[in-house]
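# A structural model of the following input is requested.
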Amino acid sequence: MIVAGAICAALCTPLAQQALAPALADLHARAVRAERTARFFEAWDRAPSADRRRVEDALRELPVSGEGLDARPALESLALATRLFDAPSLDAVRDDTLVRFADSIDLRVVPGVVSVRSSDDEAGMALRVDVSRLYATAWKERVELALVWVDPEHDGGGATTARVEPFGASDFARGFSMYVRAPRGSFDALVLAPEVVVDGRTVRGAPVHVLGVSEFGSRFESLATSPAALEAELTRKLLAREPLSRLERMLCVERLGMRFAGLDGPREWAVELDGGATQQAADGARLPGELLRAPREGGALSAGLWVVTTPSGEAPGQLFTGPSGRDWRTVAARLGVDVFALERAEVDGARLARVVAELRDRFDAPRVVLIARGDSVAGVHFASARERVDVDGIVLVSSVAGPGPVLPDVPTLLVGANADAAAPARANVVRARGAATLAFTAERGAAEAIGAWFAAAFASADAASSRD
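I've put the predicted structure just below:
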């Protein structure tokens, strides 16, 4: 675990470092879940329908993270399910303790932004790699751990070994650091993967991405007129578990090697470093979540705002990560809607109604659709029972049979695993038909299904408005 001492001198005391550690651990855990989920759905997209059904059957047997309806698979369950796409059976994956051990390994590269050095006479940037395990496994033997740079476009392809060292299984429980140099060359991103080697057998674990940006440090410092003040504010927010601005997250990536779900790549970072991040850093009251603004030209108005609630254990930015994230971005751009992924904590109690009302006013949205995902569906029902939520449409991405009576009587879409369920009782409730048999896997096609429903459900209202 990287302690907070790297952030600012004010955190040099053990007490301060101990206080900050849980916040950093929570942020990192949610980023890892987003990465592993994206990796699962990349394999899902490549697989034929028969393999997808086989993996869904396995997920029903595997442990989940949390309790209640539509709880997400545990991290190890995600790893097992991802491996199952290329294995004959779940038992074969379960019995391979070396594979399970490799999948438990997590890397954190510090700094998390690599300064690109293309000159042949310059050594690659020196990096520290903090190695730990995400969960315990049955593996007890010593291994050789290799850190390898792999092709960002094909992580299963050729690799360049950066370092190899022997370690005992217990070392991974305590965590340790290794030191490597970044490869020379021009790149937007690097991918570093762990490989464990035992008796001539090599198993590659999950890779992590490292940003490569030319002269990142100088551009970053030019934005921060008072780096010490920025670091102090970042520290305060981390301790208070408050949302971070884009600029503050950049600082966490650069200084601590943190990763964030949904964080844009280096091309988008360059735009932020040229001024976008300054505006967000100056925004005194950042809303609790992640905003995707639809690109609009010529002063065109937004077609609406989608407020998407986040399941337990996920970061709001996970919505915009991986294959599903690409779908959300594509659909939002096509329809001209803004998408706001809401922190899970904001779903509880009476806060949901207040946050939705604030979002409607702030973005002057002509219509607001509330999209509840996974186990946050129950929270939306409880919140609606306490205080009416003012929305124009509702989507439930869940295995629930239908909306409860406490939800507003507005056009509603059901996306989930109940394709064979009876027709909803309310005339304004429709069910999206899909091949997925789990609410978790139904997430993969949710964005497209919601986009089609939104266009159809509100087309008549738009036509009437244009005639007026």
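
# strands paired with the helix or strand Val129 falls within, and their directions?
Using DSSP states H and E, Val129 sits in strand 126-133. Partners of strand 126-133 in the sheet, by DSSP bridges, are strand 105-110 (antiparallel), strand 176-181 (antiparallel).

# Which parts of the longest helix that the chain contains count as buried, going by neighbours?
Counting residues, the longest helix found in the chain (DSSP state H) is helix 14-46. For helix 14-46, burial by neighbour count (16 or more other Cβ atoms under 10 Å) applies to 16-17, 20, 23-24, 27-28, 30-41, 43-44. Using the backbone N, CA and C atoms, a C-beta is placed for each residue, glycine as well.

# Who are the packing partners of it?
helix 75-84, helix 227-240, helix 322-335 (3 or more Cβ pairs under 8 Å, 6 or more residues apart in numbering; DSSP states H and E).

# Let me have the ones you listed in CSV, extended by mean pLDDT, mean neighbour count and distance to Thr161.
CSV is the format used below for the helices and strands packed on helix 14-46 (pLDDT from 0 to 100; neighbours: other Cβ atoms under 10 Å; distance: least, Cβ to Cβ, whole Å):
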stretch, mean pLDDT, mean neighbour count, distance to Thr161
helix 75-84, 98, 22, 23
helix 227-240, 77, 16, 35
helix 322-335, 92, 18, 27
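
# closest to Glu195 out of those helices?
helix 75-84 (15.3 Å; Cβ to Cβ).

# quick one: that closest one to chain centroid distance?
From the chain centre to the centre of helix 75-84 is a distance of 17 Å (Cα atoms, centre = their mean, to the nearest Å).

# Could you check the angle it makes with strand 105-110?
Interaxial angle, helix 75-84 versus strand 105-110 (axes from the mean of the first three to the mean of the last three Cα atoms, to 10 degrees): 100 degrees.

# Show me which residues of the next helix or strand after helix 75-84 are buried.
Scanning forward in sequence from helix 75-84 by DSSP H and E, the next helix or strand is helix 90-95. By 16+ other Cβ under 10 Å, the buried positions in helix 90-95 come out as Leu90, Val93, Arg94.

# contacts for helix 90-95?
With contact meaning Cβ atoms under 8 Å, 6 or more residues apart in numbering, helix 90-95 is reached by Ala58, Glu61, Leu80, Arg83, Leu84, Ala87, Val99, Arg100.

# which of those sit farthest apart?
Glu61 and Val99 (17.7 Å).

# of these two, who's got more company?
Between Glu61 and Val99, counting by other Cβ atoms under 10 Å, Val99 is the more crowded of the two (23 against 10).

# so that one sits right up against Arg83, yeah?
Yes. Counting by Cβ atoms under 8 Å, Arg83 is a contact partner of Val99 at 6.2 Å.

# before we move on, back to that, between the buried residues of helix 90-95, which is nearest Ala383?
Leu90 (37.4 Å).

# Return the distance of the closest one relative to Arg52.
14 Å (Cβ to Cβ, to the nearest Å).

# What pairs with the helix or strand that contains Leu211, parallel or antiparallel?
If you go by DSSP H and E, Leu211 is part of strand 208-213. Sheet pairing of strand 208-213 (DSSP bridges) gives strand 113-115 (parallel), strand 189-198 (antiparallel).

# how big is the angle separating the longest helix of the chain from strand 105-110?
120 degrees.

# Beyond helix 14-46, next helix or strand please.
Using DSSP H and E, the first helix or strand after helix 14-46 is helix 49-61.

# Can you spell out which helices and strands pack onto the very next helix or strand once past that next one?
Per DSSP H and E, the first helix or strand lying C-terminal to helix 49-61 is strand 64-65. Secondary-structure packing of strand 64-65 (3+ Cβ pairs under 8 Å, 6+ apart): strand 72-73.

# before we move on, back to that, make JSON lines out of the buried residues of helix 90-95 and add distance to Arg444.
JSON lines is the format used below for the buried residues of helix 90-95 (distance: Cβ to Cβ, whole Å):
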{"residue": "Leu90", "distance to Arg444": "20"}
{"residue": "Val93", "distance to Arg444": "21"}
{"residue": "Arg94", "distance to Arg444": "24"}
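
# Same question for the helix or strand Val356 falls within: list its buried residues.
Using DSSP H and E, Val356 maps to helix 351-363. By 16+ other Cβ under 10 Å, the buried positions in helix 351-363 come out as Arg351, Leu352, Ala353, Val355, Val356, Leu359, Arg360, Phe363.

# Find the nearest non-adjacent residue to the fourth one, please.
Closest residue to Val355 in three dimensions, ignoring its sequence neighbours and counting by Cβ to Cβ, 6 or more residues apart in numbering: Glu346, at 5.1 Å.

# since we're on that neighbour, how many residues are nearby?
22.

# Next: Pro48.
9.

# For stretch 78-91, C-alpha coordinates in CSV please.
Extracted in CSV, the C-alpha atoms of stretch 78-91 (Å, rounded to 0.1, in the frame of the first residue of the first chain):
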residue,chain,number,x,y,z
LEU,A,78,-14.4,-12.1,-12.3
ALA,A,79,-10.9,-13.5,-12.9
LEU,A,80,-12.2,-17.1,-13.0
ALA,A,81,-15.0,-16.2,-15.3
THR,A,82,-12.7,-14.3,-17.6
ARG,A,83,-10.3,-17.4,-17.8
LEU,A,84,-13.3,-19.7,-18.4
PHE,A,85,-13.8,-18.3,-21.9
ASP,A,86,-10.6,-20.1,-22.9
ALA,A,87,-10.9,-23.2,-20.6
PRO,A,88,-12.9,-26.4,-20.9
SER,A,89,-14.7,-26.1,-17.6
LEU,A,90,-15.0,-24.1,-14.4
ASP,A,91,-13.4,-26.9,-12.5
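
# Hmm, Leu127 and Leu147 touching each other?
No. Leu147 is beyond contact range of Leu127, at 9.6 Å (criterion: Cβ under 8 Å).
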